[in-house]
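K.L.:
What follows is a protein structure lacking sequence information:
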Ligand SMILES: NC(=O)C1=CN([C@@H]2O[C@H](COP(=O)(O)OP(=O)(O)OC[C@H]3O[C@@H](n4cnc5c(N)ncnc54)[C@H](O)[C@@H]3O)[C@@H](O)[C@H]2O)C=CC1
Ligand SMILES: O=C(O)C(=O)COP(=O)(O)O
């Protein structure tokens, strides 16, 4: 099932032409506009439902606010720190990247900087271009036998390790997620940062930029390093604190730095770039023909595959959507939304709820809790949230509204009763609670039970529904059918529940919604109508 439809995509940076070609071949209109100003982007983004960027386009909350039709932001590359992912998520916009397309290129540039640092290649080149022949000044040191500390042992860190080991470097590292026994298989011994800093001749960082990695190398960590340590940052500006690096270079505590990335790009302050022991590139890690071809192709194919309902690959903020691509997820999403709508309708006149408990019953729904939970919340929050709820944003909207959502599964393959697949949703707050139980019969979602009253016939959850509760009496249906007919609406079918505490729930399928529920409400204890 395709979660969105996309007709017009803006590519706002230099992305390989294959990206545009693939998108166009699949019926998407593509506009390419490079070097747009922020105001130009704000002015034009409303006309697009997709945006493809690299690292230079800052997709801020302000831009996302203006992007009223945007459904996807595709990052032809790895880092999504130039995209306000939280703001996109709240608006229900999918953010997608192509994290492996430029791994090799970024790793190779890192190695180039490490080698250049050891032999002063860029400085020697500049010197010769200035007509000098200075063999003494550029005395270097071998990498062979030196210790390289790799902070961040993900895709790029691993490739850097393999390449630098071929130079005879000993590789050590740190990563809070990659298990030490895994990195050990590619020759990287892990240790704490406190143990790592004093051991390294060279340090290279390969983490994302986030609060925990900002300033990872700072005054205090430089102080723990060997005097003259050389550092490389091919990941993100700010992981090595720039003022601390400059201080360390000036004091000689740092013997050289290779920088591909900067806090501000291009930098406003050129002090680091101009330092004689700094070699630098204008964010070239991914700038190879091969990396750009891969990233351009990958982002286009990922978008097309998503639109064709084949798969969701590379989404960084829409994990629950990945499960919408299985063959029968559609009907369970419909059921979840419909149960949410039923409960929203039944609880509308009551006090606001703060807890939602979704329990799936049955082995088949064991892994569907997240999907069904989100679908239920889409139904529950429909029209009440400022941002239109969808499977991408609904949990963050619920959190914003102070609603706690919990999911659970009960399954025991030995128990016949639990063999069928059922979804139970209960909303509650301060003693008030409403509960709906549903399932899927054939392809259709059905309501089985409402507030403890099981329906004698499953209620099809589609079309215009009138739900009401009244003391058990054979007169209820004829009376309400009369009111519905008097309003010029056809009562197409009905279902009644078993009685509980003397009351019964009824559901009437109507040809159209009633203009006014007043005359129904006068005859019953409570009544509500909804459209599924
Ligand atoms: N200069 C350039 O043009 C390019 C830069 N990059 C950047 O390189 C970085 C790494 O990319 P990948 O290796 O593909 O990412 P990855 O996600 O494969 O690896 C990142 C690793 O950092 C680790 N990590 C997270 N927090 C950490 C911490 N506090 N200390 C140590 N490790 C930590 C993670 O566990 C993960 O293993 C990203 O920032 C990316 O944006 C990527 C491609 C090109
Ligand atoms: O993929 C990444 O994280 C990069 O930093 C590459 O950025 P770019 O696509 O060259 O602007």
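P.N.:
Perfect, thanks for sending it. The shown structure was predicted, so the numbers you read here are calculated from the model rather than taken from an experiment. Ligands and ions are numbered 1, 2, ... in the order given.
K.L.:
and the spatially closest residue to residue 204 that is not a sequence neighbour, how many neighbours does it have?
P.N.:
The shortest distance from residue 204 to any non-neighbouring residue, by C-beta to C-beta, 6 or more residues apart in numbering, is to residue 232 (4.2 Å). Placement of C-beta: from N, CA and C, glycine included. Number of residues near residue 232 (other C-beta atoms under 10 Å) recorded here: 28.
K.L.:
Can you check the pLDDT for the residue in the stretch 101-250 of the chain that ligand 1 sits nearest to?
P.N.:
Ligand 1 sits closest to residue 154 of the stretch 101-250 of the chain, with a gap of 1.8 Å, by C-beta to the nearest ligand atom. We note a pLDDT of 98 for residue 154 in this prediction.
K.L.:
So it sits against residue 182, correct?
P.N.:
No: counting by C-beta atoms under 8 Å, residue 154 does not reach residue 182; the two are 11.1 Å apart.
K.L.:
hey, where'd the strands end up in the stretch 351-500 of the chain?
P.N.:
With strands called from DSSP state E, counting those that start in this stretch, the stretch 351-500 of the chain shows them at 355-361, 404-410, 422-429, 432-441, 444-450, 453-460, 464-471, 491-496.
K.L.:
er, the stretch 151-300 of the chain actually
P.N.:
Going by DSSP E, counting those that start in this stretch, the stretch 151-300 of the chain shows strands at 170-174, 188-190, 202-205, 229-233, 254-259, 278-280.
K.L.:
Need these in TSV (columns: mean pLDDT).
P.N.:
Output for the strands of the stretch 151-300 of the chain, formatted as TSV (pLDDT from 0 to 100):
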stretch	mean pLDDT
strand 170-174	98
strand 188-190	98
strand 202-205	98
strand 229-233	98
strand 254-259	98
strand 278-280	98
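K.L.:
Can I get those strands in TSV including distance to ligand 1?
P.N.:
As requested, the strands of the stretch 151-300 of the chain are exported to TSV (distance: least, C-beta to the nearest ligand atom, whole Å):
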stretch	distance to ligand 1
strand 170-174	5
strand 188-190	10
strand 202-205	8
strand 229-233	9
strand 254-259	10
strand 278-280	12
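K.L.:
picking that back up, quick one: which of residue 154 and residue 182 has more around it?
P.N.:
residue 154 (18 against 14).
K.L.:
quick one, what contacts the more buried one?
P.N.:
175, 178, 206-207 (C-beta atoms under 8 Å, 6 or more residues apart in numbering).
K.L.:
Return the helix or strand in this protein with minimum mean pLDDT.
P.N.:
Sorting the helices and strands of the chain by mean pLDDT, DSSP states H and E puts helix 319-322 at the bottom, at a mean of 79.
K.L.:
for that helix, which positions count as buried?
P.N.:
320-322 (16 or more other C-beta atoms under 10 Å).
K.L.:
Summarise which helices and strands it is packed against.
P.N.:
Applying 3 or more C-beta pairs under 8 Å, 6 or more residues apart in numbering; DSSP states H and E, one finds that helix 319-322 contacts helix 369-381.
K.L.:
residues making contact with the helix it packs on?
P.N.:
So helix 369-381 is contacted by 319-320, 323-324, 329, 332-344, 356, 358, 360, 365, 389-391, 394-395, 397-398, 401, 403, 405, 407-409, 423, 425, 427 (C-beta under 8 Å, 6+ apart).
K.L.:
repeat that with 7 Å
P.N.:
By C-beta atoms under 7 Å, 6 or more residues apart in numbering, the residues outside helix 369-381 that reach it are 320, 323-324, 329, 332-333, 336-341, 343-344, 356, 358, 360, 365, 389-391, 394-395, 397-398, 405, 407-409, 423, 425.
K.L.:
Now do that helix against strand 422-429: the angle between them, please.
P.N.:
50 degrees (axes from the mean of the first three to the mean of the last three C-alpha atoms, to 10 degrees).
K.L.:
and helix 369-381, average pLDDT?
P.N.:
Throughout helix 369-381, pLDDT has a mean value of 93.
K.L.:
Residue 341 is in contact with residue 530, isn't it?
P.N.:
Yes: with contact defined as C-beta atoms under 7 Å, residue 341 and residue 530 form a contacting pair (5.3 Å).
K.L.:
Identify the residue of the stretch 1-150 of the chain closest to ligand 1, quick one.
P.N.:
Closest point on the stretch 1-150 of the chain to ligand 1, by C-beta to the nearest ligand atom, is residue 79, at 2.6 Å.
K.L.:
In PyMOL, select just the buried ones from the contacts of helix 369-381.
P.N.:
Selecting just the buried residues from the contacts of helix 369-381 in PyMOL takes one command, with 16+ other C-beta under 10 Å as the test:
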select buried, resi 320+323+324+329+332+333+336+337+338+339+340+341+343+344+356+358+360+365+389+390+391+394+395+397+398+405+407+409+423+425
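K.L.:
pretty sure residue 309 contacts residue 327?
P.N.:
No: assessed by C-beta under 7 Å, residue 309 is found out of contact with residue 327, at 10.2 Å.
K.L.:
Quick one: neighbours of residue 150, just the number.
P.N.:
29.
K.L.:
Is it correct that it falls within a helix?
P.N.:
No: Residue 150 is assigned strand when assessed by DSSP: H, G, I helix; E, B strand; the rest coil, not a helix.
K.L.:
Next one: it relative to residue 436, how far apart?
P.N.:
53 Å (C-beta to C-beta, to the nearest Å).
K.L.:
mean confidence for stretch 446-457?
P.N.:
Here stretch 446-457 scores 94 as its mean pLDDT.
K.L.:
can you pull the buried residues of that stretch?
P.N.:
Those would be 446-451, 453, 455, for stretch 446-457 by 16+ other C-beta under 10 Å.
K.L.:
Stretch 119-138 now?
P.N.:
120-124.
K.L.:
still on that earlier bit, the more surrounded of residue 309 and residue 327?
P.N.:
residue 309 (13 against 7).
K.L.:
Tell me how far the more buried one lies from ligand 2.
P.N.:
When distance is defined by C-beta to the nearest ligand atom, to the nearest Å, residue 309 is 27 Å away from ligand 2.
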